[in-house]
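# everything below, folded, please.
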Amino acid sequence: MKYLLAVITGVVGLVLGALLVLFLVGAAKPKSLPGEPVRAPEAGGDPPGTAVVTLDEKFFDPLLGTVFRDLGQPSFPLELAMMERDPSDASTWAMVPAAFQGDCPDKVVIKTEGSNVKTGVRFTGGKITAPLAFDGSKNIFGACVRFQGWAQASIDLRFDRERQTVYGQINVEGVSLEGAPAAVGGIATLLVQRSINQRINPLEILRAQQLALAVPVQSANGTLKANVKDVRAEVAEGKLILHLSFDFAGTPGGAPGGVAQ
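Okay, here's the model as predicted:
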């Protein structure tokens with residue numbers, strides 16, 4: 001009987017704890033991201049002045065391997081936030097981070113592989129996907145919860161013409177924890193989504209220095225400059241194809257300087 005009561009108490013505590021964490025954390029709200037979503041190529045073909053760049057999955061494998069080898073395993077905090085009324089204004093809410101304990105760091109660490117999953121970037125089914133193996137720990141109600149598993153994420157592309165930058169937005173679609181109850185998995189998904197939205201997004205895929213052109217034309221005593229005016233993308237099996245459309249302008253006299261606006 002005592003054992004049964006202990007089991008029931010544990011289950012009830014888990015459910016109540018899950019509900020409380022869900023209330024405190026709330027839904028994972030995406031950060032406001034720059035630029036506009038990158039669309040598919042036009043049906044009629046690319047306009048004049050378009051360059052096509054193809055990246056395959058093999059390009060990212062050594063890139064990620066170098067990050068893990070030379071820079072260490074990426075990590076980011078898991079922040080459980082409590083909502084508290086601002087006494088000076090009853091109509092506003094202030095976010096107060098939960099206490100951090102050194103022996104139980106509130107963070108997730110991305111690993112090269114784990115849980116039979118290898119971290120990487122995949123181009124399949126018309127989507128950019130990113131399986132992410134991880135482990136970490138989280139202080140919940142004074143107890144240190146250690147976990148490991150993997151997250152399934154997708155990546156959407158955005159282009160900011162003013163900044164001349166292509167961004168990636170990671171969207172965590174689900175989290176699988178080894179041996180964890182469904183309620184805990186739901187909490188972990190919210191925490192990971194919140195951390196990525198607040199700490200990682202947006203990713204810079206291509207920067208202005210890589211997109212802009214400034215070519216001196218000595219015979220004309222000037223400089224030919226080009227800015228990207230539009231970016232389109234298509235995902236084939238195993239590869240990402242970017243279509244970069246340029247605006248060209250000539251600047252007479254002087255040395256090339258900066259990016260044409």
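# residue 120: how many residues sit nearby?
The local packing count at residue 120 equals 18, with neighbours defined by other Cβ atoms under 10 Å. The way it works is simple: take the backbone N, C-alpha and C, and place the C-beta from them, glycine included.
# three-state assignment of it?
Recorded secondary structure, residue 120: coil (DSSP: H, G, I helix; E, B strand; the rest coil).
# go on, residue 68?
Secondary structure for residue 68, judged by three-state DSSP, is helix.
# which residues of this structure score low on pLDDT?
Regions of the chain meeting the criterion pLDDT under 70 cover residues 1-31, 67, 79-102, 141, 179-185, 188, 197-198, 254-261.
# bridged to residue 36, which residues?
With DSSP bridges applied, the residues forming beta bridges to residue 36 are residue 159.
# measure it to residue 196 for me?
Using Cβ to Cβ, to the nearest Å, residue 36 is found at 21 Å from residue 196.
# looking at the two, which is more packed in?
Of the pair residue 36 and residue 196, residue 196 is the one with more neighbours under other Cβ under 10 Å, namely 22 against 12.
# so what's that one up against?
Contact analysis of residue 196 by Cβ atoms under 8 Å, 6 or more residues apart in numbering lists 76, 153, 170, 172.
# now residue 71, what are its backbone angles?
Phi and psi for residue 71, reported as degrees, to the nearest 10, are phi -110, psi -10.
# give the contact list for it.
If a contact means Cβ under 8 Å, 6+ apart, then residue 71 has no contacts.
# sorry, back to before: buried ones from the contacts of residue 196, can you make that a PyMOL selection?
Written as a PyMOL command, the selection of buried residues from these, which uses 16 or more other Cβ atoms under 10 Å, is:
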select buried, resi 76+153+170+172
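# the stretch 1-150 of the chain: strands as residue ranges?
36-37, 50-56, 75-77, 81-86, 89-97, 107-111, 113-114, 117-118, 122-124, 127-140, 143-160 (DSSP state E, counting those that start in this stretch).
# same list (those strands) but as CSV, adding distance to residue 178.
CSV is the format used below for those (distance: least, Cβ to Cβ, whole Å):
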stretch, distance to residue 178
strand 36-37, 35
strand 50-56, 31
strand 75-77, 19
strand 81-86, 26
strand 89-97, 27
strand 107-111, 13
strand 113-114, 9
strand 117-118, 11
strand 122-124, 22
strand 127-140, 9
strand 143-160, 5
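# nearest to residue 212, of the ones you listed?
When the strands of the stretch 1-150 of the chain are compared by Cβ to Cβ, strand 50-56 sits nearest residue 212, at 12.2 Å.
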